[in-house]
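Colleague: Show me the folded form of this:
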Amino acid sequence: MNRLWVLLLIIAAFPALIKAQPAPQYSGSSGTSQPYQPAVPPPSIINGNGGWSGNYGGGASTAAGSAMNGMASVISAKGNYNLSTSAAVMNMTQAQKQEIQNHQQYTNTYFEMRATNKAARKAEEGPQPTMEEIARIAHDGAPKPLASDQWNPLTGTVNWPALLQQDSFTTRRAELEQLLAKQATYGRLDYTDQMKARQTIETMFKDLKSQIKDVPPQDWAASQTFLKSLIYAMTRSELS
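Modeller: Next up is the predicted model:
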């Protein structure tokens, strides 16, 4: 008799134990998953006769039947609990996976945008100049050297343009001629003498600019070019 009861209980509870939401299927070839459907166990509802719809049918008309229903309900409830726990674990795992995928997508998008912006800026800037081009530009931008009839680097003798031979430039010319003679003797000027030469030439150029409206344009341009070449020859710098 006891064995019969146990067999009946197992038969009654078996449908509740085998009903489970199938696990979501993932595509192995493309690496992307199908739209996720949360795992939800089917509900168990008590019918009006004390039975459990969805698990097994029929009520109990005897005390033994009621006892069997009660025991089956306990077994069914435990099965539903286990099923719900499993579904919760599946849902939590899927949520964690989705969070990782979202973070990876955000990271990939960020670096793709950086690469796009960098490529756009580089395209707007155009090709970078080569070392040969930079050297040529620097050479072309340097003032032209003084001609041999304007300055003798071996003796320091200088032949001033007509406009710079005015009396207003006498003191500045004398200062520069002394420094040019020193440069011819030692081959170069030290830092202090270079600063003196630069300051003197800058002052002469300032006085020259004040006369731009009062002198012939060709004379003024020739004097300006002369001072640019002279300051570069003495200090390797340019007029400011």
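Colleague: going forward, measure contacts and count neighbours with C-alpha atoms only.
Modeller: OK.
Colleague: Pull up the gap between residue 98 and residue 154, please.
Modeller: Residue 98 is 83 Å from residue 154, where distance means CA to CA, to the nearest Å.
Colleague: average pLDDT across the longest helix along the chain?
Modeller: In the chain, taking DSSP state H as the definition, the longest helix is helix 63-125. Helix 63-125 shows a mean pLDDT of 76.
Colleague: name the helices or strands packed onto it?
Modeller: helix 2-18 (3 or more CA pairs under 8 Å, 6 or more residues apart in numbering; DSSP states H and E).
Colleague: any idea of the mean pLDDT for the helix it packs on?
Modeller: The average pLDDT within helix 2-18 is 54.
Colleague: cool, stretch 218-228 as well?
Modeller: 93.
Colleague: what residues does it touch?
Modeller: For stretch 218-228, the external contacting residues (CA atoms under 8 Å, 6 or more residues apart in numbering) are 143, 146, 161, 162, 163, 164, 201, 205, 208, 212, 238, 239.
Colleague: what's the distance between the second one and residue 225?
Modeller: It stands for residue 146. Shown here: residue 146 relative to residue 225, a distance of 9 Å by CA to CA.
Colleague: Settle it for me: which of those two has more neighbours?
Modeller: residue 146 (19 against 14; other CA atoms under 10 Å).
Colleague: Let me know the pLDDT of that one.
Modeller: 91.
Colleague: Look at it and tell me its secondary structure.
Modeller: Counting by DSSP: H, G, I helix; E, B strand; the rest coil, the backbone at residue 146 sits in coil.
Colleague: need the contact list for the closest residue to it other than its chain neighbours.
Modeller: Among residues not flanking residue 146 along the chain, residue 229 sits closest, at 5.9 Å (CA to CA, 6 or more residues apart in numbering). With contact taken as CA under 8 Å, 6+ apart, residue 229 is in contact with 143, 144, 145, 146.
Colleague: Any chance of a markdown table for these, columns distance to residue 111?
Modeller: Shown next, in a markdown table, are the contacts of residue 229 (distance: CA to CA, whole Å):
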| residue | distance to residue 111 |
| --- | --- |
| 143 | 47 |
| 144 | 50 |
| 145 | 52 |
| 146 | 56 |
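Colleague: What residues of stretch 228-240 count as buried?
Modeller: By neighbour count with 16 or more other CA atoms under 10 Å, stretch 228-240 contains the buried residues 228, 229, 230, 231, 232, 233, 234, 235, 237, 238.
Colleague: next one: stretch 100-108
Modeller: Within stretch 100-108, judged by 16+ other CA under 10 Å, no residue is buried.
Colleague: Walk me through the domains of the protein.
Modeller: 2-125, 133-235 (automatic domain parsing).
Colleague: give me phi/psi at residue 158?
Modeller: Residue 158 adopts backbone torsions of phi -130, psi 140, taken as degrees, to the nearest 10.
Colleague: I figured it was touching residue 178, is that so?
Modeller: No. Shown here, residue 158 and residue 178 do not form a contact pair, counting by CA atoms under 8 Å, at 10.7 Å.
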